[in-house]
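Enquirer: sequence and predicted model, in that order:
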Amino acid sequence: MTRLRQAALLGLLLPALALAQGPPPSGPVTLVRTGRVFDAEAGRMVEGQDLLIRGDRIEAVGTGLDAPDGATVLDLRRYTVLPGLIDAHTHLLYLEEPNSSLMEGGMKAVLTEGLPLRALRGATRAKTFLDAGITTVRDLGNSGRFGDQALRRAIDEGTLPGPRIIGSGPGLSPDGGQFPDLLHPHQGLVAEEYRIVRGPGDAVAAVREAVAQGAGVVKVYADNTPGRLSLTDEELAAVVGEARRLGVPVAAHATLDDAIRRAAESGVSSIEHAYMASDSTFAAMARLGVAYVPTEIDSVTVRGYFEATTDFAPEEIDRRVTGYLGWSRDRIRRAHAAGVRIVAGSDAYLDAGRPQGEVAKRMLWAYLGAGIPAAEVLQAATIRAGALLGRDDLGVLRPGALADLVAVEGDPLEDFDSLEQVRLVMKGGAVAHDAR
Ligand SMILES: [Zn+2]
C-alpha cells in the first residue's frame, strides 16, 4: 500500500485537499473601531477606519462597518492602529553581556546553559516582543541546534504567548562559525551553534536539513565576522539555488564589501549588517532588488550601553556615541540614497537591562535618526518586512491579511515616540496584550 492510498483510506487526505483550496473563514468575529490606521501600502494614516476580523484574519476594512450578530466590538477610537510590527533580525535564544563577545557569550550558551534553558529564557524574551507590538520576528540563528523551531512550535500551538516566529535554525557558515578563537581540538563545539558548510553539495544538504526542521528562512554567513573566512561563490549559489527550489528566502550575514557584493549577486533575499558596504555595492543591491537589514542601534540605546559598561567621563561617552552614530547613519543614508530597500531588523542580542522587545523596537529610531522619513520607517517594519518574508498577509491591514495589529497612543507620523505607548496588541485575531 502506498502512503498516499493509506492516507486516503484513513481520511487524512480530504482535510488536506480542503485546506489546499482554503478553508472557509470561521472563528470569533471582532469589529475593531479605530481612531486612524496606518495604510502600509500608501505609507499614510487614514482616519476613522473599522476592521472586521473573523478568526485570525481581517475580512473587511472601511468606515462605519456594521457589527455582525454575535461580534465583539473593540473600541480603539482613542488610538492609532498599525499592522503588527515585524523585526526581521532577532536571536530570541541568545543574550550577551554588552562588554562580552560572541565568542564568550557563545561558549556560555553552548557549554553552561544548553538548549532547554536557552529555549525557556527565549520564551520569556519572546513575550516582551509581543508586548512591544512586534507580532512577527525573523529569528536568524544563535539558537543552538534548532531551539528556535521548538519555540516556534510552542508559540504556534498556543502553549506559549509570543510573536510569530520565522526561524532559520543554525546559520550556514564557513569553518569556525563565529567562534574565531576556539582551539582546533574543540572545533566540534561550533556545530552546536552553526552549520559548517564545506562545498556546494554540503551547502545543498544544509539547506535541506534546515527546511526539514521547519526553517522558514535560511541564514547564511557570506563572511563569518568576527571570523576571517567567507563562503565561495559556488557555495553561495548552491545555498540560494536549493532555498529557491524549496521556496524559502535567504538572509545573508555579510560585513565586508566583497562578501556583501558576492552574496547580493548570488541572489540572496537580504543582506544583514553590511557594515563595510561601498556605494557601488549598495547600487548593486538596489539593482538586484536585494533588501538591506541595517542592524543599527539608536542613540538612546547606544548611550545606555556605554553608561552601563564603562566608567568613561560624560564627554568621552558623548564622543563615542557621536562617533558610532556618524558611522551608522552614514551607511543608512548611503543605502537609502542608492535606492536600496531597507527592512527593519534589530539584531538586539545585547543585554540592555530592559525588556528585549523594547530594546529591539528602538531600531526604528536608528533609521529615523539617519533621516529616513517616519512613514518609510513604519513601512520598513511592516509591509516591506512582510514582503521579505515572502508573505503578503503580514505587515498590512487589508482583507485576507492576518489580524496582527498594534494600537498606540497618538500619531507616530506626528510624534514618533508615541510608538513607545503601546496600548493593545492583537495577534491572529486574539488580544495578546492589553494596557488600556
Ligand atoms: Zn544577528
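Expert: Yes, it's here.
Enquirer: so where do the strands sit in the stretch 1-150 of the chain?
Expert: 29-39, 44-47, 50-54, 57-62, 72-83, 85-90, 134-139 (DSSP state E, counting those that start in this stretch).
Enquirer: can I get these in JSON lines including mean neighbour count?
Expert: Glycine gets a C-beta too; all of them are placed from N, C-alpha and C. Listed next are the strands of the stretch 1-150 of the chain as JSON lines, based on neighbours: other C-beta atoms under 10 Å:
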{"stretch": "strand 29-39", "mean neighbour count": "22"}
{"stretch": "strand 44-47", "mean neighbour count": "14"}
{"stretch": "strand 50-54", "mean neighbour count": "22"}
{"stretch": "strand 57-62", "mean neighbour count": "17"}
{"stretch": "strand 72-83", "mean neighbour count": "20"}
{"stretch": "strand 85-90", "mean neighbour count": "30"}
{"stretch": "strand 134-139", "mean neighbour count": "29"}
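Enquirer: let's have these in CSV, adding distance to E192 and mean pLDDT.
Expert: Shown next, in CSV, are the strands of the stretch 1-150 of the chain (distance: least, C-beta to C-beta, whole Å; pLDDT from 0 to 100):
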stretch, distance to E192, mean pLDDT
strand 29-39, 41, 98
strand 44-47, 47, 98
strand 50-54, 42, 98
strand 57-62, 39, 97
strand 72-83, 36, 98
strand 85-90, 20, 98
strand 134-139, 17, 98
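Enquirer: wait, which of those is closest to S230?
Expert: Closest approach to S230 among the strands of the stretch 1-150 of the chain is made by strand 85-90 (19.8 Å; C-beta to C-beta).
Enquirer: for the closest one, the distance to its chain's centre please.
Expert: Averaging C-alpha positions (C-alpha atoms, centre = their mean, to the nearest Å) puts strand 85-90 2 Å from its chain's average.
Enquirer: what's the answer for stretch 44-52, then?
Expert: Using C-alpha atoms, centre = their mean, the offset of stretch 44-52 from its chain centre is 26 Å.
Enquirer: before we move on, what about stretch 272-290?
Expert: So, by C-alpha atoms, centre = their mean, the centroid of stretch 272-290 is 20 Å from its chain's centroid.
Enquirer: how about the CA coordinates for that stretch, as PDB?
Expert: Extracted C-alpha coordinates of stretch 272-290, given in PDB (Å, rounded to 0.1, in the frame of the first residue of the first chain):
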ATOM      1  CA  GLU A 272      22.300  41.700   7.200                       C
ATOM      2  CA  HIS A 273      24.600  44.300   8.700                       C
ATOM      3  CA  ALA A 274      26.500  45.400   5.500                       C
ATOM      4  CA  TYR A 275      28.900  47.400   7.800                       C
ATOM      5  CA  MET A 276      31.600  48.000   5.200                       C
ATOM      6  CA  ALA A 277      29.400  48.300   2.100                       C
ATOM      7  CA  SER A 278      30.700  50.700  -0.600                       C
ATOM      8  CA  ASP A 279      28.400  53.000  -2.600                       C
ATOM      9  CA  SER A 280      28.900  50.700  -5.600                       C
ATOM     10  CA  THR A 281      27.800  47.700  -3.600                       C
ATOM     11  CA  PHE A 282      24.700  49.400  -2.400                       C
ATOM     12  CA  ALA A 283      24.000  50.400  -6.000                       C
ATOM     13  CA  ALA A 284      24.300  46.700  -7.000                       C
ATOM     14  CA  MET A 285      21.900  45.700  -4.200                       C
ATOM     15  CA  ALA A 286      19.400  48.200  -5.400                       C
ATOM     16  CA  ARG A 287      19.700  47.000  -9.000                       C
ATOM     17  CA  LEU A 288      19.400  43.400  -7.900                       C
ATOM     18  CA  GLY A 289      16.400  44.000  -5.600                       C
ATOM     19  CA  VAL A 290      18.300  42.700  -2.500                       C
END
